[in-house]
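Engineer: this is the structure alone, sequence omitted:
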């Protein structure tokens, strides 16, 4: 995949800029990178703290020709974990659906947004926010106990440019696997990195309700499967609050 990088000193959200470029005909491989986001966001429109020159804030445009698009967030998580291992020698875990964590603290997140033409995908935008050179005092007080950065972990500054190159290459590789329909490989790779293991008792929040049950992994679409007393439930729009 050929990458065309658009870099901004500041923008509201790299995903929003990427969408504007897509609507003007941007090709697959278009990348939007910002030194700072003034309105960065994660899932459910939660804000993503994006201070200038501290993190890697980047979005990648994909034009998938097939495959199960709902697996893209999993593939992106795997790609990010490989990039962190390759460039920072750091092993991280993935927390469904979109968190990158280290020892229980959030190191990064992924926002996957897509649009369809009829039943076929028109585009996918994968947004990555990775905490690279934050110190603890750089985070708002309410995030300090839950967030971490590469610099805090390793005691030295990280190189966002090297991390970006690896992240884009690994994401291109894993998105190609999605397009080829390699569901089993993607699900197995995600399971290897998952914070949770089959059989763990979980508490799930979904559509205003809290559900407790036994984690059964992910189905072939990437939905979380939970065993509850009345049977089995699948969740696509939910959050894991933690172990019961």
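Structural biologist: Everything's here; your move. The structure displayed is predicted, hence computed values, not measured ones.
Engineer: quick check: buried residues in stretch 237-244?
Structural biologist: 238-240 (16 or more other Cβ atoms under 10 Å). (C-beta placed from N, C-alpha, C; glycine too.)
Engineer: an error on my part: the question was meant for stretch 103-119.
Structural biologist: Here stretch 103-119 shows 105-113 as buried, counting by 16+ other Cβ under 10 Å.
Engineer: outline the domain layout of this protein.
Structural biologist: 4-193, 201-243 (automatic domain parsing).
Engineer: got TSV for those, with mean pLDDT too?
Structural biologist: Listed next are the domains of the chain as TSV, based on pLDDT from 0 to 100:
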stretch	mean pLDDT
domain 4-193	94
domain 201-243	94
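Engineer: comparing the ones you listed, which comes out most buried?
Structural biologist: domain 4-193 (a mean of 18; mean count of other Cβ atoms under 10 Å).
Engineer: backbone phi and psi for residue 5, please?
Structural biologist: phi -100, psi 130 (degrees, to the nearest 10).
Engineer: circling back: from the buried residues of stretch 103-119, which land in helices?
Structural biologist: Among the buried residues of stretch 103-119, none falls in helices (DSSP state H).
Engineer: show me where the protein has strands.
Structural biologist: All strands of the chain, identified by DSSP state E, fall at 4-8, 30-34, 55-62, 93-95, 99-102, 105-117, 120-131, 201-206, 209-218, 224-228, 231-235, 239-243.
Engineer: for residue 180, which of those is the nearest?
Structural biologist: For the strands of the chain, the distance to residue 180 is smallest for strand 55-62, at 13.6 Å, taking Cβ to Cβ.
Engineer: what's the offset of the closest one from the middle of its chain?
Structural biologist: Centroid separation for strand 55-62 versus its chain: 10 Å, with Cα atoms, centre = their mean, to the nearest Å.
Engineer: surely residue 122 meets residue 115?
Structural biologist: Yes. Between residue 122 and residue 115 there is a contact under Cβ atoms under 8 Å: 4.7 Å.
Engineer: returning to what we had before: redo the buried residues of stretch 103-119 as CSV? Include distance to residue 165.
Structural biologist: Shown next, in CSV, are the buried residues of stretch 103-119 (distance: Cβ to Cβ, whole Å):
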residue, distance to residue 165
105, 25
106, 23
107, 18
108, 16
109, 20
110, 18
111, 21
112, 21
113, 23
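Engineer: of all those, which comes closest to residue 151?
Structural biologist: Closest to residue 151, out of all of these and judged by Cβ to Cβ, is residue 107, at 11.0 Å.
Engineer: surely the closest one touches residue 152?
Structural biologist: No. Under the criterion of Cβ under 8 Å, residue 107 makes no contact with residue 152, lying 9.4 Å away.
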